[in-house]
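# I'll drop the sequence and a predicted model, then ask my questions.
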Amino acid sequence: MTNVNASAALSRSDASSSLATEDVSIRFGGLTAIDRVSLSVARGEILGLIGPNGAGKTTLVNCLTGFQRPSSGNVLLNGRTVSGKSPQFYRREGIARTFQGGRLFRDMSVRDNIEVTALALGYGRGEAAVLVEDALVLLGLNAVAAKKAGSVAYTDERRIGIARAVVVRPKFLLLDEPAAGMSDHECEELASTIARVRDDIGCGIVIIEHNMSVITAICGRLHVLDSGKTLAVGDPSVLLRSPEVRNAYLGET
Ligand SMILES: Nc1ncnc2c1ncn2[C@@H]1O[C@H](COP(=O)(O)OP(=O)(O)OP(=O)(O)O)[C@@H](O)[C@H]1O
C-alpha cells in the first residue's frame with residue numbers, strides 16, 4: 001500500500017473541516033464490499049476516488065452520504081461521528097451528492113429542477129431564487145434554464161444534477177462518474193466547471209471517475225480502491241505511474 005498514512009494524518013490535522021471514514025467495513029451478506037477503509041477529504045480539496053469496476057467506490061460514496069450504513073467503523077464530519085444518520089441529515093449538514101442515473105424531473109424546467117432542491121431543504125422562495133440563478137451561472141446552464149430538463153443535451157443533464165447538488169452551497173460534494181459518456185472535449189469542459197465549483201463554493205469534493213484526463217486535470221490527491229481495500233493514497237502524478245496501481249486499475253502488468 002502506498003502512503004496510506006497520509007489519509008490518517010489528514011483526517012487528524014483537518015478534523016475541524018473534513019469528511020472521513022475511519023476503518024469502515026461494509027458487508028452485503030457474505031461479500032465484504034468495503035474492507036477497513038479510512039478516507040478523508042478536506043474543505044477546498046478535490047479527491048479522486050478510483051479503482052476497477054466493483055472495487056467499492058459507489059458503496060463508499062453511499063456511506064459518506066448516509067445512503068449506506070457501515071457494518072463497522074465510523075463516518076466522521078468535522079471529527080464528529082455521524083454514522084447511522086439518515087441521508088437527509090447528511091444533506092442538511094452540507095454533504096451533497098450526484099447519482100449516476102441523474103434522477104431529474106424530466107417534465108419540469110431546468111430552473112425548477114434546481115429550485116425544488118433548495119425549497120425542499122427549507123429555503124424560502126426569494127432566497128431559493130437567488131441561489132438558483134447563481135447555480136445556473138456556475139454550471140453554465142443559463143441558456144437552457146427555461147427548457148424542460150428532459151429536452152436538453154446529455155452533458156447539460158449531467159450539469160443539472162451537479163447544480164441540484166450545489167445549489168445550497170454544500171461543504172462537501174460527492175460526484176459519481178460525472179463525465180460518464182462524454183467526449184474528450186466535453187470532459188475537459190466539465191473538469192473546468194468542477195474546479196470552478198470548488199473555487200467558488202470552497203467545498204471539498206470527492207469524485208469517482210474512470211476518465212483519467214478529468215482526474216489528472218483537477219484532483220489534488222487520489223484514493224485508490226481495489227477489491228474493497230485501500231490500495232494507495234497520494235499524489236495523482238505519482239500514483240498513476242505506480243506499477244501497483246496501473247496493474248490493479250489499468251490492467252497492466
Ligand atoms: N446493495 C448491494 N447488495 C449486494 N451487493 C452489493 C450492493 N451494492 C454493491 N454491491 C457489491 O459490492 C461491490 C462493490 O460495488 P460498487 O458498486 O461499490 O463498486 P464500484 O467500484 O462503484 O464499481 P463500478 O466502477 O462498476 O461502478 C460489488 O461486488 C457489488 O456487486
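Good, I have the coordinates.
# how about the residues of the protein that lie near the ligand?
Within the chain, the positions near the ligand by Cβ under 6 Å from any ligand atom are 28, 31, 33, 51, 53-59. C-beta: built from backbone N, CA, C; applies to glycine.
# In helices, which of those fall?
Among the residues of the chain next to the ligand, the ones falling in helices (DSSP state H) are 57-59.
# Touching, residue 93 and residue 82? I think so.
Yes: with contact defined as Cβ atoms under 8 Å, residue 93 reaches residue 82; the gap is 7.1 Å.
# just for this protein, where's the confidence low?
1-16, 102, 250-253 (pLDDT under 70).
# which residues of it fall in strands?
18-28, 31-42, 46-50, 72-77, 80-81, 95-97, 172-176, 204-208, 221-226, 229-234 (DSSP state E).
# List the buried residues of stretch 190-198.
190-191, 193-194, 197-198 (16 or more other Cβ atoms under 10 Å).
# contact partners of that stretch?
For stretch 190-198, contacts defined as Cβ atoms under 8 Å, 6 or more residues apart in numbering pick out 44, 46, 138-140, 155, 158-159, 162, 166, 173, 175, 178-179, 182, 203, 205, 207, 213-214, 217-218.
# Which members of those are classed as buried?
Buried residues within those, defined by neighbour count using 16+ other Cβ under 10 Å: 46, 138-140, 155, 158-159, 162, 166, 173, 175, 178-179, 182, 203, 205, 207, 214, 217-218.
# Count the residues that sit near residue 40.
Close neighbours of residue 40, defined as other Cβ atoms under 10 Å, add up to 27.
# correct me, but it touches residue 17?
No: the criterion here is Cβ under 8 Å, and residue 40 misses it with residue 17 at 10.7 Å.
# And the helices in this protein?
Going by DSSP H, the chain shows helices at 5-13, 57-64, 87-92, 110-120, 125-138, 154-166, 184-201, 212-218, 236-239, 243-249.
# can you redo those helices as a markdown table with distance to residue 22?
Compiled in a markdown table, the helices of the chain are given as follows (distance: least, Cβ to Cβ, whole Å):
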| stretch | distance to residue 22 |
| --- | --- |
| helix 5-13 | 7 |
| helix 57-64 | 11 |
| helix 87-92 | 16 |
| helix 110-120 | 29 |
| helix 125-138 | 32 |
| helix 154-166 | 24 |
| helix 184-201 | 24 |
| helix 212-218 | 25 |
| helix 236-239 | 22 |
| helix 243-249 | 23 |
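# Residue 164 contacts residue 115, correct?
No: in this structure, residue 164 is not within contact of residue 115 by Cβ under 8 Å, at 9.4 Å.
# of these two, who's got more company?
residue 164 (29 against 22).
# so who does that one touch?
98, 104, 113-114, 117.
# and what of residue 25?
Residue 25 touches 32, 34-37, 70-73, counting by Cβ under 8 Å, 6+ apart.
# Among the residues you listed, the buried ones, what's the ChimeraX command?
Only the buried entries of the contacts of residue 25 go into this ChimeraX selection, using 16+ other Cβ under 10 Å:
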select :32,34,35,37,70,73
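# Looking at the contacts of residue 25, which one is closest to residue 227?
residue 35 (7.6 Å; Cβ to Cβ).
# doesn't residue 231 make contact with the closest one?
No: the criterion here is Cβ under 8 Å, and residue 35 misses it with residue 231 at 11.2 Å.
# Pretty sure residue 87 sits against residue 66.
Yes: using Cβ under 8 Å, residue 87 is in contact with residue 66, at 4.0 Å.
# Pick out the residue closest to the middle of this structure.
Among the residues of the chain, the one closest to the centroid is residue 174, at 1.7 Å (Cα atoms, centre = their mean).
# Please report the distance of that residue from residue 62.
Applying Cβ to Cβ, to the nearest Å, the value for residue 174 to residue 62 is 9 Å.
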